[in-house]
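A.B. asks: Below are the sequence and a predicted model for it; my questions follow.
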Amino acid sequence: MQRPLMLYVFVVSVCCLVGVGVIINYSVLPFTGGGRSPFVVQMIALALGFILCYAVVKLDLSYFKNGYLVFGIFVATVLLNFCVYLPYIGAPQFNAHRWIAVPGIGVQFQPSELMKVALILYLALRLSRQPERNREFLHGFVATLVIIGFAAGVIYMQRDLGTPALLGATGIFMMFVAGVRPLYLIITILMGVAAVIAAFLEAPYRVMRFFAFLDPWSYRDTEGYQLIQALMAIHRGGLFGVGVGAGEQKLGYLVAARNDFVFSAIGEELGVVGMVYVVLLFALLAWSALRLAPYASEPIGRLIITGCTMSLCFQAFGMMLVNVGSFITKGMPLPFISNGGSAVISAFLLVGLILSVARRSRSTEPSTRRTPLTPIRPQRHFAGLYPTSDASSPHGF
């Protein structure tokens, strides 16, 4: 299909998801937030997200190929994530250090959301710099794995397991698209599974969440409470829902109705039809974005599009599985819909990166007959596009 059609489908999908988010936030926030102020803050975050998205779209691809700039963004993001531990700056909640208090306006910011953007940019630059070496053990596997592990470790220190898992899944997908050997990818996946198991065993409350996932009714007053309330909300909504604003689970029963379990709130007020609508919108977003990837004029653009798309969709579908009881309970926002300014801004930055690359594609047809998920084979498609050594590159790192 033509690139303009894919761009149109992608933009419409994002706008429809934002519309659903505005409706459900207006319905839920007055009850869980103690007034309309959380809704106003969410609308301000949406406006800021639109502005940042527009600014990123205007950036030329050369900015993303500047090693000093991209590496600086990555380092700054890491330092920002360490600021959550500083007194008078960090704002710990629920025994976790994940937020930074913005002075003067009473708003908190979650810097781990920016790590999703920074890691994608850094991996895309590195994996596209010398694509012919991505199949090597040290360059394509070990070095890339160290970068992903470091970024995930920084976030894991904040008592957050969901975001590191998302970073790891996105990084593995980008390694696949960059042409890393399948054997190395299998090893990476096995190491990731082992790391997640170790993280579960390290924290007793995560073990309890696992057992509550298997049998929530046995833990109805503790770890299984939210899941039970979420399932009750979906059951009460039925096929067409009880109507916008008429949901009862948000009245203190489903405590996380505005963020972690907003998909269940959609199920109660808009029914199964509303839930399917949201699923289809994310599926259209993924399909249209991945169809745009082959049009990218350079490998770095293709990696940016695939990385941003998978980051959004892994998070969205993982969160929706949690809400319907098909995955272990983990607090993660639903992109464009859940309440939370940091998540909204991060999602719009990812959309801006996709559009920035897509709108600067050189042709209306892909240069080769590749599917969006076909790994980059530099020796076949991109030989000669890149220097054979970093010394001949105009940018460092």
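C.D. replies: Arrived safely, thanks for sending.
A.B. asks: Please report phi then psi for Arg359.
C.D. replies: phi -70, psi -10 (degrees, to the nearest 10).
A.B. asks: thought it was touching Leu7?
C.D. replies: Yes. The criterion here is Cβ atoms under 8 Å, and Arg359 meets it with Leu7 at 7.2 Å. C-beta here means a position set from N, CA and C on the backbone, and glycine is covered the same way.
A.B. asks: When the two are compared, which one has more neighbours?
C.D. replies: Using other Cβ atoms under 10 Å as the criterion, Arg359 and Leu7 rank with Leu7 on top: 20 against 13.
A.B. asks: and the more buried one, what are its phi and psi?
C.D. replies: phi -60, psi -40.
A.B. asks: how much space between the residue nearest to it when sequence neighbours are not counted and Ile100?
C.D. replies: In space, and not counting its chain neighbours, Leu7 is closest to Ala358: 5.9 Å by Cβ to Cβ, 6 or more residues apart in numbering. Ala358 sits 32 Å away from Ile100, going by Cβ to Cβ, to the nearest Å.
A.B. asks: Neighbour count for those two, which is higher?
C.D. replies: Ala358 (25 against 20).
A.B. asks: List the contacts of the more buried one.
C.D. replies: 3, 6-7, 10, 292, 295-296, 305 (Cβ atoms under 8 Å, 6 or more residues apart in numbering).
A.B. asks: now swap in Phe137 and tell me
C.D. replies: The contact partners of Phe137, by Cβ under 8 Å, 6+ apart, come to Tyr184.
A.B. asks: next one: phi and psi at it?
C.D. replies: According to degrees, to the nearest 10, Phe137 has phi -70, psi -50.
A.B. asks: likewise Gln108?
C.D. replies: Dihedral angles (degrees, to the nearest 10) for Gln108: phi -110, psi 150.
A.B. asks: How many residues are close by it?
C.D. replies: Gln108 has 16 nearby residues by other Cβ under 10 Å.
A.B. asks: Leaving out chain neighbours, which residue sits closest to it?
C.D. replies: Gln108's closest residue in space is Trp99 (Cβ to Cβ, 6+ apart), at 4.3 Å.
A.B. asks: State the phi and psi torsions of the one you found.
C.D. replies: With angles defined as degrees, to the nearest 10, Trp99 sits at phi -120, psi 150.
A.B. asks: From Ile305, how far out is it?
C.D. replies: In terms of Cβ to Cβ, Trp99 sits 30 Å off from Ile305.
A.B. asks: which one of those two has more residues nearby?
C.D. replies: Legend: neighbour count by other Cβ under 10 Å for Trp99 and Ile305, higher for Ile305 (30 against 20).
A.B. asks: now the more buried one, nearest residue through space, not along the chain?
C.D. replies: Ala293 (4.4 Å).
A.B. asks: Quick check: the one you found touching Thr306?
C.D. replies: Yes. Contact criterion Cβ under 8 Å: Ala293 and Thr306 qualify, at 5.4 Å.
A.B. asks: need the next SSE after the helix or strand harbouring Gly318, C-terminal direction.
C.D. replies: Using DSSP states H and E, Gly318 falls within helix 299-323. Downstream of helix 299-323, the first helix or strand assigned by DSSP H and E is helix 341-358.
A.B. asks: how far is that next one from where the chain is centred?
C.D. replies: Centre-to-centre, helix 341-358 and its host chain are 10 Å apart (Cα atoms, centre = their mean, to the nearest Å).
A.B. asks: Flag every buried residue along whichever strand or helix holds Gly49.
C.D. replies: For Gly49, the host element (DSSP H and E) is helix 37-57. Using 16 or more other Cβ atoms under 10 Å as the test for burial, helix 37-57 gives 38-39, 41-43, 45-46, 49-50, 52-53, 56-57.
A.B. asks: I'd like to know which of these is nearest to Leu166.
C.D. replies: Of all the buried residues of helix 37-57, Gly49 has the smallest distance to Leu166: 18.8 Å, by Cβ to Cβ.
A.B. asks: so what's Pro333 up against?
C.D. replies: Taking Cβ under 8 Å, 6+ apart, we find Pro333 in contact with 259-260, 262, 315, 319, 339-340, 343.
A.B. asks: can you do 10 Å?
C.D. replies: Neighbouring residues of Pro333 by Cβ atoms under 10 Å, 6 or more residues apart in numbering: 110, 113, 162, 258-260, 262, 315-316, 319, 339-340, 342-344, 346-347.
A.B. asks: again, but for Leu214
C.D. replies: Contacts of Leu214 by Cβ under 10 Å, 6+ apart are 224, 328.
A.B. asks: Could you pull out the strands in the stretch 101-250 of the chain for me?
C.D. replies: Along the stretch 101-250 of the chain, counting by DSSP state E, counting those that start in this stretch, strands occupy 107-109.
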